[in-house]
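Asker: Based on what follows, work out the 3D shape:
(one chain, ligands or ions: 1)
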Amino acid sequence: MANVHPLQQGLVHGGRIRVLKPSSSSSNGPVVYWMFRDQRASDNWALLHAADLAARSSAPLAVVFNLFHRFLDAHARQLGFMIRGLRLLSLRLQSLGIPFLLLRGDAVDTIPDLLYRCGASYLVTDFSPLRQVRAWKDDICSRVGPGVAVHEVDAHNVVPLWVASQKLEYGARTIRGKIHKLLPEYLVGFPELPVLENKWKAWDPPEIDWDDLLADVLRRGEDVPEIRWCEPGEAGAMEVLKGSKGGFLTKRLKNYESDRNDPLKPKGLSGLSPYLHFGQISAQRCALEAQALRKSQSKSVNTFLEELIVRRELADNFCYYQPHYDSLQGAWEWAQKTLMDHAGDKREHIYTKEQLEKAKTADPLWNAAQLEMVHYGKMHGFMRMYWAKKILEWTTGPEEALSVAIYLNDKYEIDGRDPNGYVGCMWSICGIHDQGWKERPVFGKIRYMNYAGCKRKFDVDGYISYINKLVFETKKRKSEVISAPIANHVQKVMKSRP
Ligand SMILES: Cc1cc2nc3c(=O)[nH]c(=O)nc-3n(C[C@H](O)[C@H](O)[C@H](O)COP(=O)(O)OP(=O)(O)OC[C@H]3O[C@@H](n4cnc5c(N)ncnc54)[C@H](O)[C@@H]3O)c2cc1C
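Answerer: Below you'll find the model as predicted:
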C-alpha cells in the first residue's frame with residue numbers, strides 16, 4: 001500500500017490521505033466518494049477531498065453508499081438508525097447539488113461496476129480499521145480499471161491513524177504524547193465544501209424508496225428493535241452536542257468530570273457514541289467545540305478530550321495494527337499466559353450464552369446492566385466494564401467469555417460493531433491497554449471488579465430500580481406502538497359498519 005500522499009496543496013491535509021491505488025492516466029471522469037464509516041455531509045474530510053478533486057479537474061461528484069445484505073450482524077436497532085440518518089443525508093447532499101446513490105449487495109461487485117459504468121477517474125473512501133472493510137478495499141483496488149485512482153481519507157480520527165503511530169501501541173500512555181504533539185497540525189477548522197461547476201450527468205440517480213427500505217431492514221432485524229430516545233442524523237447529533245435544550249456542551253459538560261462514572265446519571269456522559277459510531281458527527285467537530293470551553297471548564301474538557309480523542313484513537317490503533325483484535329490471540333503474552341494459567345480454575349457460577357442474554361444470573365446488578373443494553377440500547381460506560389469482567393468470571397474460559405461479550409455487545413448496543421467495542425471487551429477480559437494486577441483465581445493478573453467495589457462507588461440498588469423502571473416503560477411503549485396499527489384497523493372496521 002502506498003504511503004501518505006504528498007497532496008499538501010489540496011483542501012485537505014496530505015497526511016489524511018493515502019493512495020491505495022494510483023491511476024495510470026488522467027481523465028476528468030466523475031469522482032465517486034464511497035461513504036462507509038463517515039455518514040455525514042458536514043465536517044467530513046473524505047467528502048471535502050472528493051469535492052476538491054472534482055473541483056480541480058472540473059469533474060462531477062457523486063456520493064455512493066453500499067448497503068450490505070448483512071454487515072457484522074446488524075439488527076433493526078442499528079440499521080434503522082443508519083437508514084434514517086442516510087435518508088436525511090441524501091436530502092442534505094441533494095441541496096448541495098451532489099447526487100446520493102444507494103447500492104445494494106457486495107461492495108466488491110457494486111463499487112467497481114459503478115465506477116466502470118460512469119467512467120470514474122477517482123474513487124475516494126473513508127477509513128475503517130476493521131478487517132472486513134480493509135479486505136473489500138484491497139479487492140476493489142484489484143478490480144477497478146487502470147484509469148481509476150483510489151484514495152482513502154481518515155475522516156474519523158482527529159489525527160489520522162497512520163500519522164499518529166505506525167505501530168501497535170501498548171496503551172494510552174504510549175500514544176497520548178504522539179497524538180497531543182500532532183493536534184496543533186490536525187485539530188483545525190473545516191473549510192467550506194467547494195462549489196462544483198460540473199454536475200453529475202451520467203444518469204439520473206434512481207429514486208430511493210426509503211419507507212420500503214426501512215420496512216425491509218426492520219423486518220429482517222426485528223428481534224432487536226429500534227430505540228426511540230436518540231434522534232438519528234446530523235441535526236440530531238448537533239443537538240446532543242450543543243443544543244439549547246439538553247446539549248452536552250451547553251448544559252451538561254460541567255458535571256462530566258464528576259458524574260461520568262455514575263450509572264445512575266446517564267446524562268453525565270455526552271451520549272455521542274451512536275452518532276460517532278455511524279459518523280453522523282465528526283469527532284473533530286466535537287473536539288473543536290469542547291476546546292472552545294476549556295477556559296471555563298478545563299477539567300471536564302480535558303477528560304472529555306482524553307476519551308474522545310486519545311482513547312477512541314487508541315481503539316482504532318489496536319484494531320488496525322493487531323489482526324487478532326477480537327480474539328485471545330490479540331492479547332499481550334503476559335495476559336494470554338495468566339488467563340490460560342487460570343482457565344481451569346473453579347468458577348462460582350457458569351452461565352450459558354442464553355442465560356446471560358436473558359439476564360438470568362444470580363447478580364441483580366449485572367442483570368440490570370444487561371437489561372439496560374437489551375432494552376435501552378446503550379449500557380452506561382462504567383457498567384460496561386463490570387459487565388464484561390463478570391462474563392469472564394462466569395464462562396468456561398477467556399475465549400468463550402470474549403466471544404459472548406462481543407456477540408452481545410454487537411447485537412444490542414446502538415454503538416456496537418465498533419473498534420471501541422472490540423477494545424472495550426479486550427480491555428476488560430484480556431487486559432489490553434492495561435497492566436498486570438495482583439494475581440487471583442479465574443482472572444489471574446487481569447484487573448478485577450466486583451459488586452462490593454460498585455457499591456462503594458454508586459447507589460447500586462438505585463441503579464437496579466432505575467433500570468427496572470426503564471425496562472417497564474420501554475416495554476409499555478413498545479406494546480403501544482405494536483397495538484396502535486391494530487387500534488387503527490379496529491377504528492376503520494368500526495367506521496365501515498352500517
Ligand atoms: C466492555 C466494553 C464495551 C464497549 N463497547 C463500546 C462500543 O460498542 N462502542 C463504543 O463506542 N464504545 C464502547 N465502549 C467504550 C465506552 O464505554 C463508550 O464509548 C461510552 O460509554 C459511550 O458513551 P458516551 O458517548 O456517552 O461516552 P462519553 O464518556 O461521553 O465519551 C465520548 C466519546 O469518547 C469515546 N470513548 C469514551 N470512552 C471510551 C473508551 N473507553 N474507549 C474508547 N473510546 C471511548 C467514545 O467515542 C464516546 O462516544 C465499551 C467499553 C467497554 C468497557
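
Asker: Point out where the protein drops to low pLDDT.
Answerer: For the chain, the stretches flagged by pLDDT under 70 are 1-9, 70-72, 479-498.

Asker: residues near Lys478, how many?
Answerer: 14 (other Cβ atoms under 10 Å). C-beta here means a position set from N, CA and C on the backbone, and glycine is covered the same way.

Asker: what about it, which SS state?
Answerer: helix (DSSP: H, G, I helix; E, B strand; the rest coil).

Asker: I figured it was touching Ile227, is that so?
Answerer: No. If you go by Cβ atoms under 8 Å, Lys478 and Ile227 don't touch, sitting 10.6 Å apart.

Asker: residues near the residue in the stretch 101-250 of the chain that the ligand sits nearest to, how many?
Answerer: Of all residues in the stretch 101-250 of the chain, Phe248 sits closest to the ligand, at 7.2 Å by Cβ to the nearest ligand atom. When neighbours are counted by other Cβ under 10 Å, Phe248 registers 23.

Asker: Now do the contacts for it.
Answerer: Contacts for Phe248 (Cβ atoms under 8 Å, 6 or more residues apart in numbering) come out as Val240, Leu241, Lys242, Tyr256, Ser270, Gly271, Leu272.

Asker: Pro129: which of these is nearest?
Answerer: Closest approach to Pro129 among the contacts of Phe248 (Cβ to Cβ): Leu272, at 19.6 Å.

Asker: hang on, the closest one packs against Gly279?
Answerer: No. Assessed by Cβ under 8 Å, Leu272 is found out of contact with Gly279, at 11.8 Å.

Asker: joint contacts of these two?
Answerer: Shared contacts of Leu272 and Gly279, defined by Cβ under 8 Å, 6+ apart, are absent.

Asker: The two - which one has more neighbours?
Answerer: Using other Cβ under 10 Å, the more surrounded residue of Leu272 and Gly279 is Gly279, with 26 against 20.

Asker: from what I can see the more buried one touches Asn157, true?
Answerer: No. Using Cβ under 8 Å, Gly279 is not in contact with Asn157, being 11.5 Å away.

Asker: Residues of this protein that sit close to the ligand?
Answerer: Counting by Cβ under 6 Å from any ligand atom, the chain comes close to the ligand at 260, 269-273, 276-277, 307-308, 311-312, 315, 381, 384-385, 388, 409, 413, 415-416, 418, 420-421, 424-425, 427-428.

Asker: Of those, which belong to helices?
Answerer: 273, 276-277, 312, 315, 381, 384-385, 388, 409, 420-421, 424-425, 427-428 (DSSP state H).

Asker: mind listing what the residue nearest to the spatial centre of the chain touches?
Answerer: In the chain, the centroid-proximal residue (Cα atoms, centre = their mean) is His277; its distance is 2.1 Å. His277 sits next to Ile414, Asp415, Gly416, Arg417, Asp418, Asn420 when contact means Cβ under 8 Å, 6+ apart.

Asker: can you pick the most crowded of the residues you listed?
Answerer: Result: Gly416 is most packed of those (other Cβ under 10 Å), 28 neighbours.

Asker: Looking at the stretch 1-150 of the chain, what residue ends up closest to the ligand?
Answerer: Residue of the stretch 1-150 of the chain nearest the ligand, by Cβ to the nearest ligand atom: Gln78 (10.5 Å).

Asker: So which bits of the strand or helix carrying that residue are buried?
Answerer: For Gln78, the enclosing helix or strand under DSSP states H and E is helix 76-95. Buried residues in helix 76-95, counted by 16 or more other Cβ atoms under 10 Å: 76-90, 92-93.

Asker: looking at it, Tyr451 is touching Asn367, isn't it?
Answerer: No. At 11.9 Å, Tyr451 does not count as touching Asn367 under the criterion of Cβ under 8 Å.

Asker: who's more crowded, the two?
Answerer: A count of neighbours by other Cβ under 10 Å puts Asn367 above the other of Tyr451 and Asn367, at 18 against 14.

Asker: so who does that one touch?
Answerer: Contacts of Asn367 (Cβ under 8 Å, 6+ apart): Ala359, Lys360, Thr361.

Asker: so the second one makes contact with Tyr351?
Answerer: Yep, that's Lys360 we're talking about. Yes. Assessed by Cβ under 8 Å, Lys360 is found in contact with Tyr351 at 7.4 Å.

Asker: Comparing these two, which residue is more hemmed in?
Answerer: Ranked by neighbour count (other Cβ under 10 Å), Lys360 and Tyr351 place Tyr351 first, with 22 against 12.

Asker: For the stretch 51-200 of the chain, just list every one of the helices.
Answerer: 76-95, 107-118, 131-143, 161-164, 172-186 (DSSP state H, counting those that start in this stretch).
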